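>>> dropping a prediction and its sequence here:
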Amino acid sequence: MILKSVKSAYLLMLLALTTVECLPAIAPAQDIQLITDAGRKEILTDPGTEAVGAPKADVTIIEYFDYNCPYCKKFAPALHSLLAEDPKIAIVYKEWPILGDVSVYAARAALAARWQGKYRHAHDALMNGPRLAHNDQVDATLKRAGIDLDRLKRDQTGHAKDIDALLARNDAEAHALHLRGTPGIVVGRQLLPGIVDLNGLKQLVANSRHEQ
């Protein structure tokens with residue numbers, strides 16, 4: 001599948017009726033698809049959260065994720081290792097809470113932490129922590145990560161429309177890309193149907209650089 005643009009691809013989401021879930025499979029090379037450069041740029045235009053990593057990256061990785069997806073948690077160390085080893089990459093995290101009400105609550109809370117300048121603190125704390133069974137657990141995790149919960153609640157309310165719009169946009173993008181569940185990963189222009197290990201991730205980055 002080659003997307004002409006993410007905007008035009010939004011129309012395709014009306015036809016995407018597949019069930020979303022966690023995706024355990026390691027992505028085989030033959031299943032990797034490409035999106036167009038225009039589509040990639042559209043996804044990365046004002047993504048709502050700051051990229052993590054190089055300010056002028058030559059390869060950007062995009063991840064659609066859910067904090068309660070065990071495969072997202074399994075994939076996180078590979079992303080962290082790559083960030084530590086490669087000074088020319090960046091990661092854009094796309095909140096896509098598809099696994100229940102607690103996932104939605106966690107995503108909204110993490111996004112609200114942006115107004116404290118602590119989105120990554122919130123993201124890492126929730127992703128590296130245990131499975132979230134209730135909202136109080138989300139709050140406790142964020143408090144331990146140094147998030148001001150009183151301010152967080154105010155920002156969740158005051159910026160509710162912005163948060164809702166971003167979550168809706170991420171959901172539209174994920175469906176336009178025909179993602180079947182989390183994690184959904186784009187490396188450069190390469191769209192993965194599942195997860196890869198660190199070596200596989202490095203190879204995808206190398207592929208992306210080779211295309212430039």
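Noted; the coordinates are in hand.

>>> so which residues of the chain form helices?
Applying DSSP state H to the chain gives helices spanning 6-9, 37-44, 70-85, 101-112, 119-128, 135-144, 149-158, 160-176, 198-211.

>>> and the closest residue to residue 145 other than its chain neighbours, what does it touch?
Leaving aside its sequence neighbours, residue 145 sits nearest to residue 125 (CB to CB, 6 or more residues apart in numbering; 3.7 Å). (C-beta placed from N, C-alpha, C; glycine too.) Residue 125 is in contact with 141, 142, 144, 145, 147, counting by CB atoms under 8 Å, 6 or more residues apart in numbering.

>>> now those residues as CSV including pLDDT and neighbour count?
Output for the contacts of residue 125, formatted as CSV (pLDDT from 0 to 100; neighbours: other CB atoms under 10 Å):
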residue, pLDDT, neighbour count
141, 97, 20
142, 98, 24
144, 96, 10
145, 96, 18
147, 97, 22
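
>>> any idea how far residue 175 lies from residue 49?
Using CB to CB, to the nearest Å, residue 175 is found at 20 Å from residue 49.

>>> same deal with residue 36?
Using CB to CB, residue 36 is found at 23 Å from residue 49.

>>> number of residues surrounding residue 101?
Close neighbours of residue 101, defined as other CB atoms under 10 Å, add up to 10.

>>> go on, the one 4 residues further on?
Neighbour count of residue 105, defined by other CB under 10 Å: 20.

>>> distance of residue 127 relative to residue 121?
Distance, residue 127 to residue 121, by CB to CB: 11 Å.

>>> between these two, which is the more surrounded one?
Set side by side, residue 127 and residue 121 show more neighbours around residue 127, with 20 against 16, by other CB under 10 Å.

>>> which residues touch that one?
65, 67, 72, 73, 76.

>>> same check on residue 133?
residue 102.

>>> tell me where the model's unsure across this protein.
Counting by pLDDT under 70, the chain contains low-confidence ranges at 1-31, 212.
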